[in-house]
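*Asks:* No letters, just coordinates:
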Ligand code: B12
Ligand code: SF4
């Protein structure tokens, strides 16, 4: 029994990664783990169904969620998964119309009105940070306060919607209890990254900051906003101790955008790991203007083996256009320093940015091949709702996809001067050119430290290479199979 069930909706690896599905990254739903931690602490009986990680169909997810006999279901979604969240909510209502369904997360926070208009099956939406909202919302569902008095909601009235006051950001993130990992079925066993992205298992994901003050125009920051807030070094170390002692975790992926923003705090985290001789290897994400050689050397000593940087494009003009706030000199310096510190550098790039020419994309690929980019991740540009660049996107090209296509592997936006076919070919070509080089394959193999990783690497590498060389099933056929899997009825 549980009064509240938190749900990560069904989503297939094909929907998320298309033909790269063998490289899927199964990460625990960190937002729901935060919400579960606060609701449990408040004495609310809580369960969690991670339908995506468990590979559940809608029918299975609905049955599982209702088996707890909840009065409220809280579902989270990014733009890609919002229509699945709605389909799930609709099934819940059909099975038991007295259960209330609340929705929150990055998509609802970015497009609250349009989402509530499109999907009447959501009773209420939660905009922004959720830890205080969920507690107050549960009080409102119990009739102990009015919905209007809860900040950060979008509510229905007379066939339309209205918002309550804006939810203020938490000033002290350390007041959030440690993530409720115990709510996950099969953690950490089923939460594994793609083979080229981990050294050791079990792996857990964490983040140590919220918000980002940079101004990148394509970035979706509707949940945590522009001000960076930090979990303290001690809080991060306590999270690590907990994961190591309770779950035997040996590798951690820090997913926050700017883990090195406060050098003092980053040093304290690394020094703490060393002082306590934590048997942990890890990766993190940063910006090229937020690292230096001393910091990188210390990170290496503390177990860091890869840092990801958002490099986006090897064109000064485009970096300015997207307001990245960096330049190619800083990129080269950071890659060089990362290499000197013997940490692998992963570069995130985008294909099909507004105003990007075919030559500029070609320059980007050449740059990545030439510089010390050990792992190359290129995604198709997506003008996500709520981002500055989405506001006047029609001026730069044509939108051809809807929310459900926004997985960064499908063409949803065709910049002026391109056709969809040209863009797709250029994107696939970029991936093929980087990965199908002996140097890249040897480098990936060199980083693998376990049989599990090696087996996974060979299997996924062969499937993807087969697709590049021979071609695979049509996308339409895959789409249909993926839908059938989600809509299968449990006998
Ligand atoms: C880690 C991460 C990943 C991981 C894992 C995601 C996961 N399982 O949680 C990986 C690498 C797998 C990944 C994949 C993708 N990601 Co991602 N990811 C992130 C990142 C960096 C952190 C996410 C996170 O854990 N946040 C911390 C938690 C606490 O925040 P939260 O989930 O938003 O939850 C809070 C609130 O939203 C709210 N809340 C959430 N749900 C609900 C429900 C209710 C009822 C209530 C009351 C409150 C509430 O309360 C929570 C606590 O405050 C964010 C950027 C960011 N800063 O958030 C991008 C981000 C979420 N990803 C994004 C995208 C686009 C994707 C992908 C579609 C494509 C891709 N490859 O990048 C896939 C889709 C995956 C999926 N199934 O959701 C976008 C989403 C934009 C959008 N509008 O869709 C973001 C915002 C990045 C960005 N700035 O553009 N991602
Ligand atoms: S892309 Fe990264 S650096 Fe830029 S605004 Fe978003 S989180 Fe900040």
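*Replies:* All right, it came through fine. Just so you know, these numbers come straight off a predicted model, no measurement behind them. Ligands and ions are numbered 1, 2, ... in the order given.

*Asks:* Report pLDDT for the residue lying farthest from the centre of the chain.
*Replies:* Summary for the chain: using Cα atoms, centre = their mean, the residue whose C-alpha lies farthest from the chain's mean C-alpha position is residue 158, with a distance of 35.3 Å. According to the prediction, residue 158 has pLDDT 96.

*Asks:* measure it to ligand 1 for me?
*Replies:* Residue 158 sits 23 Å away from ligand 1 when distances are taken as Cβ to the nearest ligand atom, to the nearest Å. Every C-beta, even on glycine, is put in place using the N, C-alpha and C of the backbone.

*Asks:* And residue 361, by the same measure?
*Replies:* From residue 361 across to ligand 1, the span is 19 Å (Cβ to the nearest ligand atom).

*Asks:* tell me the mean pLDDT over the helix or strand harbouring that residue?
*Replies:* Residue 361 belongs to helix 358-370 when assigned by DSSP states H and E. For helix 358-370, the per-residue pLDDT values average out at 93.

*Asks:* Give me the next element, helix or strand, following it.
*Replies:* As the chain continues past helix 358-370, the following element, by DSSP H and E, is strand 375-380.

*Asks:* What is the neighbour count of residue 349?
*Replies:* 23 (other Cβ atoms under 10 Å).

*Asks:* What's the local residue count around the nearest residue to it once chain neighbours are set aside?
*Replies:* Computed as Cβ to Cβ, 6 or more residues apart in numbering, the closest residue to residue 349 that is not its neighbour in sequence is residue 378, at 4.4 Å. The number of residues packed near residue 378 is 23, by other Cβ under 10 Å.

*Asks:* which element is residue 101 on?
*Replies:* Assigned by DSSP H and E, residue 101 belongs to strand 100-104.

*Asks:* is any part of that strand close to ligand 1?
*Replies:* Yes - contact between strand 100-104 and ligand 1 is present through 102-104 (criterion: Cβ under 6 Å from any ligand atom).

*Asks:* now stretch 478-491
*Replies:* No - contact of stretch 478-491 with ligand 1 (Cβ under 6 Å from any ligand atom) is absent, the minimum separation being 13.5 Å.

*Asks:* And that stretch, what's buried?
*Replies:* Residues of stretch 478-491 classed as buried: 478, 482, 486 (neighbour count, 16 or more other Cβ atoms under 10 Å).

*Asks:* Sitting in helices, which of those do you find?
*Replies:* When DSSP state H is applied, the buried residues of stretch 478-491 are split such that 478, 482, 486 fall in helices.

*Asks:* Quick check: the last one touching residue 83?
*Replies:* Okay, so that is residue 486. No - shown here, residue 486 and residue 83 do not form a contact pair, counting by Cβ atoms under 8 Å, at 10.9 Å.

*Asks:* hang on, the earlier thing: so which of the residues of strand 100-104 next to ligand 1 is the most crowded?
*Replies:* Compared across these, residue 104 has the highest neighbour count, 31 neighbours, by other Cβ under 10 Å.

*Asks:* tell me the contacts of that residue?
*Replies:* The contact partners of residue 104, by Cβ atoms under 8 Å, 6 or more residues apart in numbering, come to 31, 74-76, 125-127, 130, 133.

*Asks:* Which one of the buried residues of stretch 478-491 is nearest to ligand 2?
*Replies:* residue 482 (28.8 Å; Cβ to the nearest ligand atom).

*Asks:* In the stretch 351-491 of the chain, which residue sits nearest ligand 1?
*Replies:* residue 384 (4.2 Å).

*Asks:* returning to that earlier point: got the buried residues for the helix holding residue 361?
*Replies:* For helix 358-370, the buried set under the neighbour-count rule, 16+ other Cβ under 10 Å, comprises 360-361, 363-365, 367-368.

*Asks:* Now pLDDT and distance to residue 149 too, for the residues of strand 100-104 next to ligand 1, in a markdown table please.
*Replies:* Conversion of these to a markdown table gives the following (pLDDT from 0 to 100; distance: Cβ to Cβ, whole Å):
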| residue | pLDDT | distance to residue 149 |
| --- | --- | --- |
| 102 | 98 | 16 |
| 103 | 99 | 20 |
| 104 | 98 | 18 |
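
*Asks:* And the residues you listed, which is closest to ligand 1?
*Replies:* Compare each of these with ligand 1 using Cβ to the nearest ligand atom and the shortest gap goes to residue 104, at 2.6 Å.

*Asks:* Quick check: bridge partners of the closest one?
*Replies:* Residue 104 forms beta bridges with residue 76, residue 126, as assigned by DSSP bridges.

*Asks:* What parts of this structure come near ligand 2?
*Replies:* Applying the criterion Cβ under 6 Å from any ligand atom, the portion of the chain that neighbours ligand 2 consists of 212, 214, 216, 219, 257, 287, 310.

*Asks:* For residue 86, which non-adjacent residue is closest in space?
*Replies:* Beyond its immediate neighbours in the sequence, the residue positioned closest to residue 86 (Cβ to Cβ, 6+ apart) is residue 119, lying 3.8 Å away.

*Asks:* so what's that neighbour up against?
*Replies:* Here residue 119 is in contact with 82-83, 85-86, 89, 103 (Cβ under 8 Å, 6+ apart).

*Asks:* out of those residues, which one sits closest to ligand 1?
*Replies:* The shortest gap between ligand 1 and any of those belongs to residue 103, at 5.9 Å (Cβ to the nearest ligand atom).
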